[in-house]
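Chemist: this one's structure only:
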């Protein structure tokens, strides 16, 4: 089948919810994607942060092949060796959070944590941050700030409110005896790569503890070595009551999870569940992925490569850039104008990147990206962002 045939079929049958690109991706290897004609693209999206280990990692493929011949699906009512191994591994990453609920995606993990908050506290109020993004299902969407995602589906779940990120006074005034949970990203990804101030997270922890409110960290994009540590909150001396994870946990296989601390109570059989959550196939992939993260020291790689990339970006001599922000290999380049023409120019140079809003280029490359590939990325950005070199800019 020719690329044009594939594009035609997808155009005919797609839901219309996605903007389709003009080329067909059929293969991936480490930080590269390949189209049907053999062209390679440097992937600085990682599938919105999924491919931390890169594409088609052989250890993930091996684990999937082996497990698929044994047992693919099994509801969590029945204990399983792969699930038990993953439970032990993932809870060991945050010793104070000894329980875990498995699901299939980040938004499902957020939904579960929000339900657990209301169940545990007997309260209904949820506080999230402006610019935050937590998913597209109704509860997670209610916690998401951007009106572009929200307006078509309103009215959303009641008793959700949003306060400015890093504003301690506003958070202090918002958390009351009716607040079930405060839901925060340690680094806002979709919102533009904004980092939480240490004093803000410390205040959030203090307010929640004093007022019987649960603190939830959304580590769906920041988790699993992306920021230079296993989780972004580990850059701070704070532990939340729950952590929502997904994306890169299983090396590209869909999975989500909520890590649950001792302050979260009220569970009983049947109050929540997931048909596919904790299935042996996804758990086998996650066990392999966590082992790869350890064996390849991906947290250190993300830290060192992130510093290298930031240093190179800060050397770019162009007035178009307003600010560069980031932690590890999670970097945002805020421009003084709209990014759309620059994104297209990068794609023409076979560099795939993400936007965050209208004016920010978001870089989320696989953590296995090489230094040579980072130099290629910076050269392309320099070429694209130098005034006058991209005629459609502005």
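Modeler: The structure has been received and is ready for your questions. A quick note: this is a predicted structure, and the numbers were derived from the prediction, not measured. Numbering: from 1, shown residues only.
Chemist: Just give the closest residue to residue 26, not the sequence neighbours.
Modeler: Of all residues not flanking residue 26 in the chain, residue 36 sits nearest, at 5.3 Å (C-beta to C-beta, 6 or more residues apart in numbering). C-beta: built from backbone N, CA, C; applies to glycine.
Chemist: centroid residue for the protein?
Modeler: Residue closest to the mean C-alpha point of the chain, counted by C-alpha atoms, centre = their mean, is residue 221 at 1.6 Å.
Chemist: Isn't it up against residue 189?
Modeler: Yes. Using C-beta atoms under 8 Å, residue 221 is in contact with residue 189, at 4.2 Å.
Chemist: Between the two, which contacts overlap?
Modeler: 49, 330, 364 (C-beta atoms under 8 Å, 6 or more residues apart in numbering).
Chemist: Can you give me the neighbour number for the second one?
Modeler: Yep, that's residue 330 we're talking about. Counted with other C-beta atoms under 10 Å, the neighbours of residue 330 add up to 25.
Chemist: for the one 5 residues further on, same thing?
Modeler: Residues lying near residue 335 (other C-beta under 10 Å) number 18.
Chemist: who's it bridged to?
Modeler: Beta-bridge pairing for residue 335 (DSSP bridges): residue 321.
Chemist: if we can go back for a sec, these two touch, right, the residue nearest to residue 26 and residue 3?
Modeler: Yes. If you go by C-beta under 8 Å, residue 36 and residue 3 touch, sitting 4.8 Å apart.
Chemist: For the protein, just list every one of the helices.
Modeler: When secondary structure is read from DSSP state H, the chain shows helices at 3-13, 46-49, 58-68, 81-92, 106-121, 138-143, 147-150, 168-174, 198-211, 280-295, 298-314, 340-348, 371-385.
Chemist: Adding distance to residue 258 as columns, could you present those helices in CSV?
Modeler: Shown next, in CSV, are those (distance: least, C-beta to C-beta, whole Å):
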stretch, distance to residue 258
helix 3-13, 34
helix 46-49, 18
helix 58-68, 23
helix 81-92, 11
helix 106-121, 5
helix 138-143, 12
helix 147-150, 22
helix 168-174, 22
helix 198-211, 17
helix 280-295, 14
helix 298-314, 22
helix 340-348, 34
helix 371-385, 34
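Chemist: Pick the most buried one from those helices.
Modeler: helix 106-121 (a mean of 24; mean count of other C-beta atoms under 10 Å).
Chemist: any idea of the mean pLDDT in it?
Modeler: The pLDDT scores in helix 106-121 average 98.
Chemist: same question, stretch 329-347
Modeler: Stretch 329-347 comes out with an average pLDDT of 97.
Chemist: and the gap between the nearest residue to residue 52 once chain neighbours are set aside and residue 202?
Modeler: Sequence neighbours aside, residue 248 is the residue nearest to residue 52 in space, at 3.8 Å (criterion: C-beta to C-beta, 6+ apart). Distance of residue 248 to residue 202, given as C-beta to C-beta, to the nearest Å: 27 Å.
Chemist: Over to residue 320?
Modeler: From residue 320 to residue 202 the distance is 36 Å (C-beta to C-beta).
Chemist: try residue 180
Modeler: 21 Å.
Chemist: With residue 238 instead?
Modeler: 6 Å.
Chemist: How far does stretch 287-296 sit from its chain's centre?
Modeler: Chain-centre distance of stretch 287-296: 18 Å, with C-alpha atoms, centre = their mean, to the nearest Å.
Chemist: pLDDT of that stretch, averaged?
Modeler: pLDDT averaged over stretch 287-296 gives 98.
Chemist: before we move on, what about stretch 260-268?
Modeler: 97.
Chemist: Distance from the chain centre to it, please.
Modeler: 24 Å.
Chemist: Tell me the span between the first and last residue of it.
Modeler: Start and end residues of stretch 260-268 are separated by 15 Å (C-alpha to C-alpha, to the nearest Å).
Chemist: and residue 338, how many neighbours?
Modeler: Neighbour number of residue 338 under other C-beta under 10 Å is 14.
Chemist: correct me, but it touches residue 359?
Modeler: Yes. Between residue 338 and residue 359 a contact is recorded at 6.1 Å, counting by C-beta under 8 Å.
Chemist: quick one: the residue nearest to the centre of the chain and residue 110, what's the gap?
Modeler: Remark: distance between residue 221 and residue 110 (C-beta to C-beta) = 12 Å.
Chemist: Equivalent analysis for residue 312, please.
Modeler: In terms of C-beta to C-beta, residue 312 sits 34 Å off from residue 110.
Chemist: Repeat that for residue 280.
Modeler: Residue 280 sits 24 Å away from residue 110, going by C-beta to C-beta.
Chemist: Same check on residue 64?
Modeler: Residue 64 is 26 Å from residue 110, by C-beta to C-beta.
Chemist: In this structure residue 218 contacts residue 184, no?
Modeler: Yes. With contact defined as C-beta under 8 Å, residue 218 reaches residue 184; the gap is 6.8 Å.
Chemist: Please say which of these two ends up with more neighbours.
Modeler: Comparing residue 218 with residue 184 by other C-beta under 10 Å, the one with more neighbours is residue 218, at 33 against 24.
Chemist: Next, find the distance separating the more buried one from residue 365.
Modeler: Applying C-beta to C-beta to residue 218 and residue 365 gives a distance of 21 Å.
Chemist: Repeat that for residue 235.
Modeler: For residue 235, the distance to residue 365 equals 20 Å [C-beta to C-beta].
Chemist: if you count what's nearby, which of these two comes out ahead?
Modeler: Using other C-beta under 10 Å as the criterion, residue 235 and residue 365 rank with residue 365 on top: 29 against 19.
Chemist: Counting neighbours, what do you get for the closest residue in space to the more buried one that isn't next to it in sequence?
Modeler: Residue nearest to residue 365 in three dimensions, not counting chain neighbours: residue 44, with 4.4 Å by C-beta to C-beta, 6+ apart. Residue 44: 26 surrounding residues under other C-beta under 10 Å.
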